[in-house]
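Participant: fold the following.
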Amino acid sequence: MKMLLCSLLLGISINLPAQDASILQEKWSYHLINQNFSRPTCAVEFPNGRIMVGIYHSMMNNYNEFSTILVLDSAGNKIRSVVLSDTMNNYVYDMSLASDTTAIIVGKAGPLGQNGTIPGDIYIAKLNVSGDIIWSRKYGSSDADEAKAVIPDGQGGAYVCGRVGFGDGDVSTYYGNRNSADIWTLHIDASGNILWQQTMGGSSYDRPYAMLKLADGGLLILGESASYDGNIESCEGGFDALMFKLDTIGNLVWKYSRGTKYNDTFIAAMVTDSLITAQLVQSEYVVRTGKTKREEFTITMDQHGEVLSQRKSDPDMIFENGEAYYYFKKDPDDENSTRCLTVAETEPRRTYCFPWEAQTQLEEVLQLHNGDLLLLVGVYVRTLNAFIVRIEN
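Facilitator: Residues are numbered from 1 along each chain as shown. The predicted structure is shown next:
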């Protein structure tokens, strides 16, 4: 363990020895270790093999936040790192390819001012393959806004989904007030101009967690809602799990909500030509223990929103970028136990275990063009550090 930890601190890539065919082999790893809080948040791969990663940083001494764009070659060598200096206190939540040589990143810029008194905006930027900003814009209202997901439209533009906090600025329809939020989906062209927008929400707090593209080109948005009015209509508990479909011009096709007396949230999904498999989390705060009780369910429906089945999920199963994986601790009772990842839909199942014993936060799993997997993880070594690992699938 001491040798492993020393190797990590020196930034040396550690490869697991080949033992049998059930082990997913590490090709390379890139480690960003510093005195600040750093975590990778999203990534894309360009056709030329370059990999672009968004990394969030928080300065431990003054609480300033900023994001960098890290560009690696296909072998994991650093080409450059670019600070998003065109806006302060930014956070990049998601990115996608806009073309073979450009990417669109989305997130938030702000809050700004003393004690965060100026609310943040939705931040969208287009970058070239080297990480240079082609254009960047802020969108939203005069209250707190952020973008959570982006999907390319195939024409150089993108569909973006997030939340907005008021009905002014770019927001044409808003159902809440300044103490709430609505889900806001917009379509932008290749220059960042808004082509259409759609608001889903009510007078309480509504927010998205994920967005996927369906076989017919429509958009599937997943999240949660605490509203019972606007275009939501009802709420059974603290939050109801919410899922809805928009067509390619922003019209609402259908919506589905599932509520109990607890907090219910759709956090991710997988889609095929005919089925939607969604992951739902149900949580309850237990006053007696001071802890949150959490259960997970898998709901399968057709592409018209009709539920076909639902069952309790394996708590180790996760959905990442439309694929299913198992993410687990070797020793369930040890918080610092080695974490492992297994590809769920392959037989025989193959597993990769991270070569360290430390709290590990898996941020994203991205399947690359040749089938390899790119793992974005935050690892606690004195503070949270960013690790990027490429494994052979």
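Participant: can you give me the distance of residue 279 to residue 313?
Facilitator: Applying CB to CB, to the nearest Å, the value for residue 279 to residue 313 is 7 Å. Bear in mind the C-beta positions are built from the backbone N, C-alpha and C, glycine included.
Participant: quickly list what's touching both of those two.
Facilitator: 296, 297, 298 (CB atoms under 8 Å, 6 or more residues apart in numbering).
Participant: neighbour-wise, which of these leads?
Facilitator: In terms of neighbours by other CB atoms under 10 Å, the shared contacts of residue 279 and residue 313 top out with residue 298 at 19 neighbours.
Participant: contacting residues around that one?
Facilitator: By CB under 8 Å, 6+ apart, the contact list for residue 298 reads 277, 278, 279, 280, 310, 311, 312, 313, 317.
Participant: apply 10 Å and report the result again.
Facilitator: 269-270, 277-280, 309-314, 317, 319, 324 (CB atoms under 10 Å, 6 or more residues apart in numbering).
Participant: could you do residue 256 as well?
Facilitator: Residues counted as contacts of residue 256 (CB under 10 Å, 6+ apart) are 222, 241-245, 266, 276, 278, 299, 301, 304-307.
Participant: give me that answer again for 6 Å
Facilitator: Applying CB atoms under 6 Å, 6 or more residues apart in numbering, one finds that residue 256 lies in contact with 243, 305.
Participant: ok, back up a step: for ChimeraX, write the select line for the buried members of the contacts of residue 298.
Facilitator: To isolate the buried members of the contacts of residue 298 in ChimeraX, using 16 or more other CB atoms under 10 Å:
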select :269,270,277,278,279,280,313,317,319,324
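Participant: could you dump the helix or strand harbouring residue 44 to PDB, C-alpha only?
Facilitator: Per DSSP states H and E: residue 44 is located in strand 37-45. These are the backbone C-alpha positions of strand 37-45, laid out as PDB (Å, rounded to 0.1, in the frame of the first residue of the first chain):
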ATOM      1  CA  PHE A  37     -10.000  20.300  -4.200                       C
ATOM      2  CA  SER A  38     -10.100  19.000  -7.800                       C
ATOM      3  CA  ARG A  39     -12.500  16.600  -9.500                       C
ATOM      4  CA  PRO A  40     -13.100  15.600 -13.200                       C
ATOM      5  CA  THR A  41     -16.600  16.200 -14.200                       C
ATOM      6  CA  CYS A  42     -17.100  15.200 -17.900                       C
ATOM      7  CA  ALA A  43     -15.200  14.100 -21.000                       C
ATOM      8  CA  VAL A  44     -15.400  13.600 -24.800                       C
ATOM      9  CA  GLU A  45     -13.200  11.800 -27.300                       C
END
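Participant: so after that strand, what's the next helix or strand?
Facilitator: Counting by DSSP H and E, what follows strand 37-45 is strand 51-58.
Participant: flag the shaky bits of the chain, pLDDT-wise.
Facilitator: Scanning the chain for pLDDT under 70 picks out the ranges 1-21, 35, 60-63, 86-88, 111-118, 285-288, 290, 382.
Participant: where along it do the helices fall?
Facilitator: Taking DSSP state H, the helices of the chain run over residues 2-9.
Participant: what's around residue 154, how many residues?
Facilitator: 11.
Participant: that one and residue 282, how far apart?
Facilitator: 36 Å.
Participant: what is the burial count for residue 193?
Facilitator: If we define neighbours as other CB under 10 Å, then residue 193 has 10 of them.
Participant: any idea how far residue 369 is from it?
Facilitator: Separation of residue 193 from residue 369 (CB to CB): 30 Å.
Participant: and what of residue 91?
Facilitator: 27 Å.
Participant: compare those two and say which is more crowded by neighbours.
Facilitator: Neighbour totals were compared for residue 91 and residue 369, and residue 91 leads with 22 against 10 (other CB under 10 Å).
Participant: and the strands in the stretch 51-200 of the chain, which stretches?
Facilitator: Under the criterion DSSP state E, counting those that start in this stretch, the stretch 51-200 of the chain carries strands at the ranges 51-58, 65-72, 78-83, 90-97, 102-109, 121-128, 133-139, 146-152, 158-164, 182-188, 194-200.
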